[in-house]
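Asker: Predicted model and sequence follow; I will ask about them next.
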Amino acid sequence: METAVMVGSAVITGFLYYRLRKLDTNYHRYLDQIKDAPHLSIDQNLQSIVSEAPDNTIPYAVIEGSVEAIDKTLKSEHALGVMGVLEMLIRREHKMFLWRDTTRVISTIRHSVPFVIKDNNAGVKVDDPLSATGLEIPIIHDSFETSMSLLQFIVSYVIGKETKGFQTTEKMLSEGTVLTGIGKLSTSTGTLVLSPPSSADRPYILSDIGFSGISSKFQSNLKLKDFLFISASITVLLFARWLYNALYHGTFKCAKNNKCTVCKYIKESHFLYGTYFCRTIGRITCETSNVIYLITCRICEQQYVGETGRTLYERIKEHQYSVNAHLNDAVGRHFSDCDASIADDMIVQGIESLGPCTAKFRRSKEEGWIRYLNTLAHGINRRHAVGNRNK
Ligand SMILES: [Zn+2]
Ligand SMILES: [Zn+2]
C-alpha cells in the first residue's frame, strides 16, 4: 500500500521531470549557442572579415548598433513627428456583456522599410526583422473610441448590457534605437546582411535590452522551469502523502475476516461511525494493543469509548461476555436496556492506536475522547469512578 503510493508518485514526478527537461533543452541549446556566438563590432573591417569566412558567411554572430533607415522612413499615423523603420498597427474590439470585458484582435498591420544597424560609419542590413524574436517595439499611440454616447455607455454599463468600442495601438521602432542583433552574417551580394540563421538551434534575435539582457532572459526562463519542476514535485509528494494518510489510517478486519469472533463486529472505515470528518488515528485491527476503541449500538446510535493495553480482541471478548451474560457494566447494561442483539447491533471501531505507553497515558487519552465524542452525557459511558478500571 505504502509502496504503491510511493511508486505512483515517483512515476508522476519522473514524467513531469521528463516533460520539463524536454522544454529545458531548447533553452539550454539556445543559451549555449548565444554564448558561443562571436561578438563582432560594426566597422570598416567587418566586410573583409565576413568575406574571408567560408561561403562569405558567419553562421551565428552578435552585432550591436543603432537603427537607421536605408532610404525612406515610416511616418507614424497617429503620433506626430515620430519616424521609424518598423510599425505595427493593432486594432482590437472590446465587447462587454454582463460586466465581462472581452477583447478580440481584429487586425494587425505591419509595415517595415529596409534598415541597417549602424556603428562607426558602417552598417549591416537587417533582413526579415519581423521574424526575429525578442523585439519589444515601443507603443507610441494608444486610443479607444466608441460609437456610443457617454450616457448610453454609462447606462449599458450599469445594466450590464453590451457595450462596444475599438482600441487602436501603434508601435514603432524608431531611428536611433540601439539594437543587438544575433543571427547569420553574410556578404554574398557585396552588402553586409544580418538574416535568420539556417540552424533551428539558433534563434534569430533583435533586441534593445543588450546582450547581457538577452542571455539573462534565457537564463531566467531556465530558472522558471526549475521552479516549476520543484513546485510540481512538492505538490505530487504532498498529494501522495495525503492520499497515503487517508488510506492508511482506519479500522480493518484481520486476515480471518468475518470468521474472527471479534472482527464480525468491526466496521471497516477510515472514519468513526456517525461522523464524516472524525478520522481513526493509526491502522487498527483486532490484533492492535494500546488502543482507544469505540462501540456503537446500532439501535440507538449511542456510543461507548474504551481503552485497553491488551489487544482489542481480548477486550472486545470481555464486552461480548458481559452483554451475553447481561452483566451490570456499562456496555452489558446498555445492550440489555436497548434490547439489542450483540451479533446484529454492536459495531466496533478503533479510535486511536497509541503504541507502547503507560496505563495513565491511555486513560488520559480515553478521557479526552469521551469528552470529545460526548459519550458520558449522551452515550453509554458511565461516571469514571465506577466500573472495572483493571483492563
Ligand atoms: Zn479479527
Ligand atoms: Zn442502544
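Answerer: Thanks, I have it. Numbers count the residues shown, from 1 in each chain. Ligands and ions are numbered 1, 2, ... in the order given.
Asker: going forward, measure contacts and count neighbours with C-alpha atoms only.
Answerer: Noted.
Asker: where do the strands sit along the stretch 201-350 of the chain?
Answerer: Using DSSP state E, counting those that start in this stretch, the strands of the stretch 201-350 of the chain run over residues 205-207, 250-251, 283-284, 289-297, 303-311, 346-353.
Asker: could I get these as a markdown table with mean pLDDT, mean neighbour count and distance to ligand 1?
Answerer: Shown next, in a markdown table, are those (pLDDT from 0 to 100; neighbours: other CA atoms under 10 Å; distance: least, CA to the ion, whole Å):
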| stretch | mean pLDDT | mean neighbour count | distance to ligand 1 |
| --- | --- | --- | --- |
| strand 205-207 | 91 | 23 | 72 |
| strand 250-251 | 94 | 26 | 11 |
| strand 283-284 | 96 | 22 | 10 |
| strand 289-297 | 96 | 24 | 13 |
| strand 303-311 | 96 | 22 | 10 |
| strand 346-353 | 96 | 26 | 11 |
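Asker: would you turn those into JSON lines with distance to S215?
Answerer: Formatted as JSON lines, those follow (distance: least, CA to CA, whole Å):
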{"stretch": "strand 205-207", "distance to S215": "11"}
{"stretch": "strand 250-251", "distance to S215": "54"}
{"stretch": "strand 283-284", "distance to S215": "54"}
{"stretch": "strand 289-297", "distance to S215": "62"}
{"stretch": "strand 303-311", "distance to S215": "67"}
{"stretch": "strand 346-353", "distance to S215": "57"}
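Asker: So which bits of this structure are right by ligand 2?
Answerer: Those residues of the chain that sit near ligand 2, judged by CA under 5 Å from the ion, are 297, 299-300, 338.
Asker: Farthest-apart pair in these, please.
Answerer: C297 and C338 (8.5 Å; CA to CA).
Asker: so who does the most centrally placed residue in the chain touch?
Answerer: Centroid check for the chain by CA atoms, centre = their mean gives A232 as the closest residue, at 5.9 Å. Shown in contact with A232 (CA atoms under 8 Å, 6 or more residues apart in numbering): 13, 16.
Asker: and if you look at V291?
Answerer: Taking CA under 8 Å, 6+ apart, one finds 307-309, 311-312, 350-355, 362 in contact with V291.
Asker: closest one to Y265 among the strands of the stretch 201-350 of the chain?
Answerer: strand 346-353 (5.1 Å).
Asker: quick one, that closest one and strand 303-311 angle?
Answerer: Between strand 346-353 and strand 303-311, the angle comes out at 60 degrees (axes from the mean of the first three to the mean of the last three CA atoms, to 10 degrees).
Asker: Distance from the helix or strand that comes right after strand 346-353 to the middle of the chain?
Answerer: For strand 346-353, the succeeding helix or strand toward the C-terminus, using DSSP states H and E, is helix 359-373. When C-alpha coordinates are averaged (CA atoms, centre = their mean, to the nearest Å), helix 359-373 and its chain have centres 41 Å apart.
Asker: Contact residues of the protein facing ligand 1?
Answerer: So the chain meets ligand 1 at 254, 260, 263, 286 (CA under 5 Å from the ion).
Asker: roughly how far apart are the residue nearest to the second one when sequence neighbours are not counted and I42?
Answerer: Nearest residue to C260 in three dimensions, chain neighbours excluded: C254, at 7.5 Å (CA to CA, 6 or more residues apart in numbering). From C254 over to I42 the distance is 83 Å, taken as CA to CA, to the nearest Å.
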